[in-house]
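S.K.: starting from these lines, generate the structure:
(chains A, B, C and D)
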Number of protein chains: 2
Amino acid sequence: MSQSLVRALDLMAQLAKQPATLDELASTSNVHKTTVMRLLHSLEAEHFLVRNNAGQFQLGRKLFELSSLALEQRDLRQVARPHLARLNDQTGHTVHLAELEGAEVVYIDKFESHHPVRMYSRIGLTAALHSAAVAKVILADMPRSRQEQIAAGLDYVKMTENTLTTPEALLAELATVRDQGWAQDKSEHEAIVHCVAAPIRDASGRVVGAASFSVPVVLLNYEDLLKLLPILINGTEAISKDLGWVSNERNTR
Amino acid sequence: MSQSLVRALDLMAQLAKQPATLDELASTSNVHKTTVMRLLHSLEAEHFLVRNNAGQFQLGRKLFELSSLALEQRDLRQVARPHLARLNDQTGHTVHLAELEGAEVVYIDKFESHHPVRMYSRIGLTAALHSAAVAKVILADMPRSRQEQIAAGLDYVKMTENTLTTPEALLAELATVRDQGWAQDKSEHEAIVHCVAAPIRDASGRVVGAASFSVPVVLLNYEDLLKLLPILINGTEAISKDLGWVSNERNTR
DNA sequence: CGGCCCCGTTGCGTATTTTGCAACGCTAGT
DNA sequence: ACTAGCGTTGCAAAATACGCAACGGGGCCG
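M.R.: Model (predicted):
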């Protein structure tokens, strides 16, 4: 496609992990040193890159600026933010907001736990479609045919004892989620955390995103986790209302 | 430099402001439609771009991922985070963290005010060197010669009544900041907010960043703002210590 | 129903832009 | 003084990106 662009994006991805020197970048990317340098210069000129005190290259302010700007553009995020902050304040637990982006479910906002035990996640990462609670919630709203298509295409990496590993299991789970109006992740992704998620709908009644609590099992057992559900659903419904959703409307997909 | 790359970065900057269609992007960037499309395709393939429901192009998850990853790489940010969170909790006011990046002072972290009146800022933006308190703090640590060089190169846009408008005024201010160990922004940037900032030092004693409180004048008058100073400095010193700074060391730049 | 406008897409020939090579300069460390 | 690591430059070759012109499919309006 566009060679130089793709190469530059790849360099940025490398630099996101850690600052590096020219030669390091050139060798790990199999691109000639000279070429790498020219790309870096362009990135630097546009402030996507800076050299740090050690003389290494690292990503620069323009990247952060575009990211935060673009994130603000997402209506869902804007509307949800105060509600999610409230959920976080009330419970002290990690709150995530996820949205469908193409064929992936992406975390677009996060509020850190107030407890010392944290879980690992990051804005911009994708949620595993067969294990994350937020993904289940979003998939559950899709037409059955699409669900089957997606379920057939996953590779069901077994991340813990409880991970669903077959399309059938996933489809059955999605049916449950759809009926009950929320989803769980009972240590299906990471053994040490479990989650509950609930859908967010817009004026058309379609699910446009999901919010979740992620809690280390050492803090709350499954039973206590479920006690957070009313609070969560209260929050997601408030967000949905802000998006124009009317609750008494018959949700006829 | 690298034409296609620079063009692609420019497209991303456009899209950060708002989602757009192919033709819109082509016309505002003076690049042929076909070319724009090919660049967009490359960006899309790398997940820097997605099409939204309306069929428009918007920035995608990879951008967010790289940004948050790269931000985590910044040692200062990592170390400062819990301290800043505490400052934010204690006071409820907006807390900023800024760092020198090349010849610019960039906001690399932010904790929102708990009060309804917020101020406008964004991670990745640069601070105005002649008015922002965080910038003053960082500049104040530089050698006099460098200060003069920078002071001579600014364009002193007058943003409020109180904005410093001459190199002399700025240099005098920097001397004061250096002596007193903190800086103010008395409605010099925005008439409705004032700030106080304090330096963060690493093991070498050099100033590596600054943290600040930004408070709307309607919430606190200047006198009350200054009462936040002990809390702020307490926080920045704690961060400095975490970075290996030893307080009794004579600060002989 | 027909025509129009907006949006994205494709094929092709050209030449501009990017690429790789080889060699150089600088600094720091031994 | 020698070496190793890092970034930089000039140049010639060609691969890559470019612009053009034209197509196709919706959706909207008359």
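S.K.: in which helix or strand does the residue nearest to the spatial centre of chain A reside?
M.R.: By CA atoms, centre = their mean, chain A has its centre lying nearest to residue A:107, at 1.9 Å. Assigned by DSSP states H and E, residue A:107 belongs to strand A:104-111.
S.K.: which SSE is immediately downstream of that strand?
M.R.: Counting by DSSP H and E, what follows strand A:104-111 is helix A:133-140.
S.K.: tell me if that following helix is near chain B.
M.R.: No - with CB under 8 Å from any CB of the partner chain as the criterion, chain B is not reached by helix A:133-140; the gap is at least 13.7 Å. C-betas here are computed from N, CA, C, even on glycine.
S.K.: residues near residue A:132, how many?
M.R.: Other residues within reach of residue A:132, judged by other CB atoms under 10 Å in any protein chain shown, total 27.
S.K.: so, low pLDDT: which residues of the stretch 51-200 of chain A?
M.R.: A:117-119 (pLDDT under 70).
S.K.: which residue ranges form the helices in it?
M.R.: Here the stretch 51-200 of chain A has its helices, by DSSP state H, counting those that start in this stretch, at A:61-73, A:75-91, A:133-140, A:144-153, A:167-180.
S.K.: the fourth one packs against which elements?
M.R.: What that stands for is helix A:144-153. helix A:133-140, helix A:167-180 (3 or more CB pairs under 8 Å, 6 or more residues apart in numbering or on different chains; DSSP states H and E).
S.K.: can you rerun that using 6 Å?
M.R.: With contacts defined as 3 or more CB pairs under 6 Å, 6 or more residues apart in numbering or on different chains; DSSP states H and E, helix A:144-153 has these neighbours: helix A:167-180.
S.K.: what's the angle between the helix it packs on and helix A:133-140?
M.R.: Between helix A:167-180 and helix A:133-140, the angle comes out at 90 degrees (axes from the mean of the first three to the mean of the last three CA atoms, to 10 degrees).
S.K.: coming back round to it: mind checking which of the helices of the stretch 51-200 of chain A is nearest DNA strand C?
M.R.: Taking CB to the nearest atom of the strand, helix A:61-73 is the member of those nearest to DNA strand C, at 16.5 Å.
S.K.: give me the buried positions along that closest one.
M.R.: For helix A:61-73, burial by neighbour count (16 or more other CB atoms under 10 Å in any protein chain shown) applies to A:61, A:62, A:63, A:64, A:65, A:66, A:67, A:68, A:69, A:70, A:71, A:73.
S.K.: how close does the closest residue to DNA strand D within the stretch 101-250 of chain A get to DNA strand C?
M.R.: For the stretch 101-250 of chain A, the residue closest to DNA strand D is residue A:204, as judged by CB to the nearest atom of the strand, at 15.4 Å. To DNA strand C, residue A:204 is 22 Å away according to CB to the nearest atom of the strand, to the nearest Å.
S.K.: secondary structure element for that residue?
M.R.: Using DSSP H and E, no helix or strand contains residue A:204.
S.K.: how many residues are close by residue A:103?
M.R.: 12.
S.K.: got phi/psi on it?
M.R.: phi -110, psi 20 (degrees, to the nearest 10).
S.K.: go on, residue A:215?
M.R.: The phi/psi pair for residue A:215 (degrees, to the nearest 10) is phi -130, psi 130.
S.K.: wait, doesn't it sit right on residue A:92?
M.R.: No - contact between residue A:215 and residue A:92 fails when scored by CB atoms under 6 Å: they sit 9.6 Å apart.
S.K.: compare those two (neighbour count), which wins?
M.R.: Counted by other CB under 10 Å, residue A:215 and residue A:92 do not tie: residue A:215 has more neighbours, with 26 against 15.
S.K.: can you list the domain ranges for chain A.
M.R.: In the assignment given by automatic domain parsing, the structural domains of chain A cover A:3-66, A:74-242.
S.K.: close to chain B: what parts of the stretch 51-200 of chain A are there?
M.R.: A:59, A:61, A:63-70, A:101-102, A:106, A:122-125 (CB under 6 Å from any CB of the partner chain).
S.K.: sorry, back to before: nearest to residue B:138 among the domains of chain A would be which one?
M.R.: domain A:3-66 (13.6 Å; CB to CB).
S.K.: and the closest one, is it in reach of DNA strand C?
M.R.: Yes - Domain A:3-66 is in contact with DNA strand C by CB under 7 Å from any atom of the strand, via A:3, A:4, A:7, A:31, A:32, A:33, A:34, A:35, A:38, A:39.
S.K.: how many neighbours does the fourth one have?
M.R.: So the one you mean is residue A:31. The number of residues near residue A:31, taken as other CB under 10 Å, comes to 19.
S.K.: could you do the second one as well?
M.R.: Counted with other CB under 10 Å, the neighbours of residue A:4 add up to 19.
S.K.: helix or strand for it, which one?
M.R.: helix A:3-17.
S.K.: quick one on the thing from earlier: verify the stated contact: the residue nearest to the centre of chain A with residue A:98.
M.R.: Yes - in this structure, residue A:107 is within contact of residue A:98 by CB under 6 Å, at 5.2 Å.
S.K.: and the closest residue to residue A:166 other than its chain neighbours, how many residues sit next to it?
M.R.: Closest residue in space to residue A:166, ignoring its immediate chain neighbours: residue A:156 at 6.9 Å, by CB to CB, 6 or more residues apart in numbering or on different chains. Residue A:156 is flanked by 17 other residues according to other CB under 10 Å.
S.K.: which residues does the closest residue to residue A:104 other than its chain neighbours form beta bridges with?
M.R.: In space, and not counting its chain neighbours, residue A:104 is closest to residue A:126: 4.6 Å by CB to CB, 6+ apart. On the basis of DSSP bridges, residue A:126 is bridged to residue A:106.
S.K.: show me which pair in the buried residues of helix A:61-73 is furthest apart.
M.R.: The widest separation within the buried residues of helix A:61-73 (CB to CB) is 18.5 Å, between A:61 and A:73.
S.K.: around DNA strand D, pick out the residues from the stretch 51-200 of chain A.
M.R.: So the stretch 51-200 of chain A meets DNA strand D at A:55, A:56, A:57 (CB under 7 Å from any atom of the strand).
S.K.: please name the nearest non-neighbouring residue to the first one.
M.R.: Meaning residue A:55. Closest to residue A:55 by CB to CB, 6+ apart is residue A:21, at 7.5 Å.
S.K.: ok, how many other residues are close to the one you found?
M.R.: Residue A:21, neighbours per other CB under 10 Å, totals 13.
S.K.: try residue A:20
M.R.: 17.
S.K.: got the buried residues for stretch A:7-21?
M.R.: Neighbour count says stretch A:7-21 has A:7, A:8, A:9, A:10, A:11, A:12, A:13, A:14, A:15, A:16, A:19, A:20 buried, by 16+ other CB under 10 Å.
S.K.: then stretch A:143-162?
M.R.: A:147, A:150, A:151, A:154, A:156, A:159.
S.K.: so the fifth one versus residue A:41, what's the distance?
M.R.: Distance of residue A:156 to residue A:41, given as CB to CB, to the nearest Å: 44 Å.
S.K.: equivalent analysis for residue A:127, please.
M.R.: Residue A:127 is 37 Å from residue A:41, by CB to CB.
S.K.: okay, these two: which has more neighbours?
M.R.: More crowded of residue A:127 and residue A:41, by other CB under 10 Å: residue A:127, with 24 against 14.
S.K.: quickly note the distance from that one to chain B.
M.R.: According to CB to the nearest CB, to the nearest Å, residue A:127 stands 11 Å off from chain B.
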